[in-house]
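Trainee: build the 3D model from these lines:
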Amino acid sequence: MTTVLTGWHWLRDPTRLSDGTPLRRTVALPPGEKPVLGKVGFHASREPLSALFFAPGTYVCRVRLAGRLHEDDIQAVGTRRELVAGPVDASRELRLFAAECARSALVAFEVKHPDDPRVRRAIAVARCYVSGKASDRDLEAARSGALAAAGSELDPGAEHAARAAAEAAHPDASCAAWWAAWESSNFSPYWGRRWSEHDRALAWRLRKLFKPVFDCPPSEPDELFR
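Mentor: Numbers count the residues shown, from 1 in each chain. The predicted structure follows:
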């Protein structure tokens, strides 16, 4: 059984956990209490996109689980959790990642509709929104256009590509990232990127936010990014 695991954890509020309790550097279960996945204990995921599903929010942390651990394919729970780095607001990285996911699927729509600009425009507006070159109204209009393109589409690949672009323009950056990755990784076996590739791409983006931590000397007992 693994006794230490370093992973990712997301928060909506940088001062509180999802159950409303204040965020503390270290938390632990009472002695003798056993962790149960999804119910009891302190959770994290090895990959950031998986973690985002369980705790949607734009503030990301690097955490270390210890003690008695249980893990499935997408999350882990332990009797103790230590905050290693963060929380850091990753809104910008999540939005850019969402646009990147949608762009990886764009060809599936444009090969069917080369003269329809709505899906490409939604991706472009999502990127512009990050730098303040697009407004909330622009984002909403771009999302509506991509959703309309998806709603009238009969080809499954083109439909999911359009929905990925619409999700990239979702008003909530955490939802944009997760759903854009989901739509673009599940629409066709011939187009786009797999979920694991999206996960690695998001980890690469987030790694920059924690660069001083990730650049710790090799002699450290735990590599934070693995």
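Trainee: tell me which residues touch Leu11, please.
Mentor: In this structure, Leu11 makes contact with 17-18, 23, 55, 57, 59-61, 87, judged by C-beta atoms under 8 Å, 6 or more residues apart in numbering. The way it works is simple: take the backbone N, C-alpha and C, and place the C-beta from them, glycine included.
Trainee: and for Pro14?
Mentor: Counted by C-beta under 8 Å, 6+ apart, Pro14 has contacts 23, 59, 87, 89.
Trainee: the second one reaches Pro87, doesn't it?
Mentor: Yes - applying C-beta atoms under 8 Å, one finds Tyr59 in contact with Pro87, separated by 3.9 Å.
Trainee: show me the helices in this protein, by range?
Mentor: 48-54, 91-110, 118-130, 136-151, 156-168, 173-186, 195-207, 211-214 (DSSP state H).
Trainee: now for the third one, which elements pack on it?
Mentor: So the one you mean is helix 118-130. helix 91-110, helix 136-151, helix 156-168 (3 or more C-beta pairs under 8 Å, 6 or more residues apart in numbering; DSSP states H and E).
Trainee: do the fourth one as well
Mentor: Using 3+ C-beta pairs under 8 Å, 6+ apart, the elements in contact with helix 136-151 are helix 118-130, helix 156-168.
Trainee: can you redo those as JSON lines with mean pLDDT and mean neighbour count?
Mentor: Output for the helices and strands packed on helix 136-151, formatted as JSON lines (pLDDT from 0 to 100; neighbours: other C-beta atoms under 10 Å):
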{"stretch": "helix 118-130", "mean pLDDT": "97", "mean neighbour count": "22"}
{"stretch": "helix 156-168", "mean pLDDT": "94", "mean neighbour count": "27"}
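Trainee: determine which of the ones you listed approaches Val77 most closely.
Mentor: helix 156-168 (28.6 Å; C-beta to C-beta).
Trainee: send me that closest one as CSV with only the CA atoms.
Mentor: C-alpha atoms of helix 156-168 as CSV (Å, rounded to 0.1, in the frame of the first residue of the first chain):
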residue,chain,number,x,y,z
PRO,A,156,-21.1,13.1,-34.2
GLY,A,157,-17.5,14.2,-34.6
ALA,A,158,-18.4,17.6,-35.9
GLU,A,159,-21.0,18.0,-33.1
HIS,A,160,-18.6,17.2,-30.3
ALA,A,161,-16.0,19.5,-31.8
ALA,A,162,-18.5,22.3,-31.8
ARG,A,163,-19.5,21.6,-28.2
ALA,A,164,-15.8,21.6,-27.2
ALA,A,165,-15.5,25.1,-28.6
ALA,A,166,-18.7,26.2,-26.8
GLU,A,167,-17.4,24.8,-23.6
ALA,A,168,-14.1,26.7,-24.1
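Trainee: nice, that's everything, thank you.
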